[in-house]
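[1] Please find the sequence and the predicted model below.
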Amino acid sequence: MGEFVGIDPRGAGQLIRQMETGKDILGRTRHGLETAIAEAGASWTGQQGVAALHRSWAFFDDTQRDLKWRIDTLKQMVPTSGGSLLSGVLTFASETEAARQGKADATAIAGALKQHEIENSVESWRKVTAATAATKAKLNDPAYAAALLAALGPDKFRALFMHFMKNRGPAMDKGLSPHALKEGKETLGPLAEAYANAERAGRLGEEWGEKFMKTTQPGVLTALVGMSKPSTRLLNQVAVRVLGRPLTADLPTSENWNLNVLVEAYDANPQALQTLLAENKDAPGWFLHPQRARMSGIPDFEKKLAGVLDKALKPGAGVDSVRAQAWVNIIREMGAEDSPWIGGSWGTFKDSPISETLAKNVAPYLDQLARGQSKRDSPELTRLYPGPPWDGVDPEAASRFMGGLMQDKDAAKTLMKAMQDYTVGMDIGRFRPFGDEATQHEFTSRAALAGGAANLMLAGSTYAEWTDDEYADWLADVALIPVSWMSNRFWPIQDATAATVRDVALDEAKNGLKGMITDYLDKKTPAAAGDVADSIVQQQAALVNASLAQHGQKPLTEDQRNEVRMAIRGRLYDGLKKALEARGG
């Protein structure tokens, strides 16, 4: 006891692998050597060969095991991202000694538990907690923790937590309140830490695997998480078990403290949440279901959940490829055809920090989502197809996802600004549609993506719960995007006065479009949705042509005017028509 150890985990890991190679070579050699010795009989000269071979193999095996034990123990004591030297004072002289002590301490805990089950008194429970407290100084050793758990067994281990919870209402099903969790950590915390440490080191036996997760009450599992520092794997295993239950299991009869524990654990380890959302395609639907968020009974739960999502999904968080896959799964689930986020019986994330957080953080991926819309509308433009994993997102699901977010007005404003920034940022006007082949190629590509982004928003907007006036104002903004980028980018306007005149003209154009849309929605015109959409396209084309002439550009030929009109029509007409029909039908 008290041995100081310093190890380079990277070098030690390489040595362990080399010894494994040596064991493999010795193992393959041993059979042939033993056969040769048997055949040679007394004439064999190297009588100690087999024994030496066995000793060498055993030396490698013993050294591997001892080295791994030391690394595992030091990693529990000095968490590191790898590479640097680990050092510390080991509690035990060997893995064997650690395991022996773990078994002995488990015997003491089991004995105290048995007596408590007979007496069921405050004093008998105090003896149980005293026995668990005696393990605290030894828990950093994963061999000790694993032996402790193996000797106790899942049933006794589970029973200890159940005894603590039995007089605490629905704690075994709904979890422990923060106050109860704090109290439990002071008594059963060492057992939770033993479980987490042994699991992190990969030393839990088979009996602690899937069966333990399925047969242990959700409240006990979240207590393990709340009383320890769980690995990403353990945290996500518990989340899948708790969240994967039927929604009826979480009916709002009392506070669902399980959710609170999970959110707080993910707040401390947001990359674990990113991993869960990326690796389990059902997890976004479980985690973000409106019933859970709105009916949890936990004060400010939506705000807490939004904060955790922000940490896990914001640009730069975690691993780029994992974060992208997490977003793909979220969009698929929230944008599913039977999505509960759109008109579901449990309500939506209207006026919710969750919608606003998702809207803010999905903005960097508008390009990929716009490419998905462009692929559907212009399949011949293969160069614009989205890359993986975005190529697996159904454009309709993406639109419904946007629609779910747009039910929150602040989220809708965030998405609108992101789309405007995206389309203007492409600087489409650098590439006139009437130039050489390369120029036309660039114009077509950028126009297709701008149209894809506009149609994504138009389709999503049909789900927004706005007044007709608010909707008409928003729709006019979207409809004017092609005009905006043509007017802003086809020619530079250095004179501030001239630029102001142009902007006023765009405002007047917007008012005109809004009036057309409002008249249609109020049924003040007999025009069909297609007629209104066509009129909007015609007005936009006329605005672009007039602006080109006003600012001294070379007059357009009739063919070129038609090309501008068709470019706008091809990108916006269908989306406008469907949006108007859905809103005014």
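    Cool, the structure landed. Because the structure is predicted, anything quoted here is derived from the model rather than measured.

[2] can you give me the helices in the stretch 101-250 of the chain?
    Under the criterion DSSP state H, counting those that start in this stretch, the stretch 101-250 of the chain contains helices at 122-133, 142-165, 171-174, 178-200, 210-215, 218-226, 232-243.

[3] Which of those has the highest mean neighbour count?
    Highest mean neighbour count of the helices of the stretch 101-250 of the chain: helix 218-226, a mean of 25 (counted as mean count of other C-beta atoms under 10 Å). (C-beta placed from N, C-alpha, C; glycine too.)

[4] Now find how far off-centre that helix is within its chain.
    Distance of helix 218-226 from its chain centroid, counting by C-alpha atoms, centre = their mean, to the nearest Å, is 21 Å.

[5] contacts for that helix?
    With C-beta atoms under 8 Å, 6 or more residues apart in numbering as the test, helix 218-226 has contacts from 158, 161-162, 165, 170-176, 181, 184-185, 188, 192, 195-196, 213, 230, 234-235, 238, 241-242, 245, 257-258, 261-262, 264-265.

[6] Give me the angle between it and helix 178-200.
    If you take axes from the mean of the first three to the mean of the last three C-alpha atoms, to 10 degrees, helix 218-226 sits at 70 degrees to helix 178-200.

[7] got the CA coordinates for helix 218-226 in PDB?
    Presented in PDB, the C-alpha positions along helix 218-226 are these (Å, rounded to 0.1, in the frame of the first residue of the first chain):
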ATOM      1  CA  PRO A 218     -35.500   3.700 -13.900                       C
ATOM      2  CA  GLY A 219     -35.200   5.600 -10.700                       C
ATOM      3  CA  VAL A 220     -32.400   3.300  -9.500                       C
ATOM      4  CA  LEU A 221     -30.500   3.800 -12.800                       C
ATOM      5  CA  THR A 222     -30.800   7.600 -12.700                       C
ATOM      6  CA  ALA A 223     -29.600   7.500  -9.100                       C
ATOM      7  CA  LEU A 224     -26.500   5.700 -10.300                       C
ATOM      8  CA  VAL A 225     -25.900   8.500 -12.800                       C
ATOM      9  CA  GLY A 226     -26.700  11.300 -10.400                       C
END
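
[8] what mean pLDDT does that helix have?
    Averaging pLDDT along helix 218-226 gives 96.

[9] Just the angle for it relative to helix 232-243, thanks.
    Going by the same axes, to 10 degrees, helix 218-226 makes 150 degrees with helix 232-243.

[10] by how many degrees do helix 218-226 and helix 142-165 diverge?
    Using the same axes, to 10 degrees: helix 218-226 against helix 142-165 is 130 degrees.

[11] going forward can the numbers begin at 556, since that is how I track them
    All right, first residue 556 from here; so that's helix 773-781.

[12] residue boundaries of the strands in this structure?
    Secondary structure of the chain (DSSP state E): strands at 558-562, 641-645.

[13] chain center to stretch 694-703, what's the gap?
    Taking mean C-alpha positions (C-alpha atoms, centre = their mean), stretch 694-703 and its chain are 32 Å apart.

[14] Ok, stretch 826-835 next?
    On C-alpha atoms, centre = their mean, the centre of stretch 826-835 falls 4 Å from that of its chain.

[15] Mind checking the pLDDT average for it?
    Here stretch 826-835 scores 97 as its mean pLDDT.
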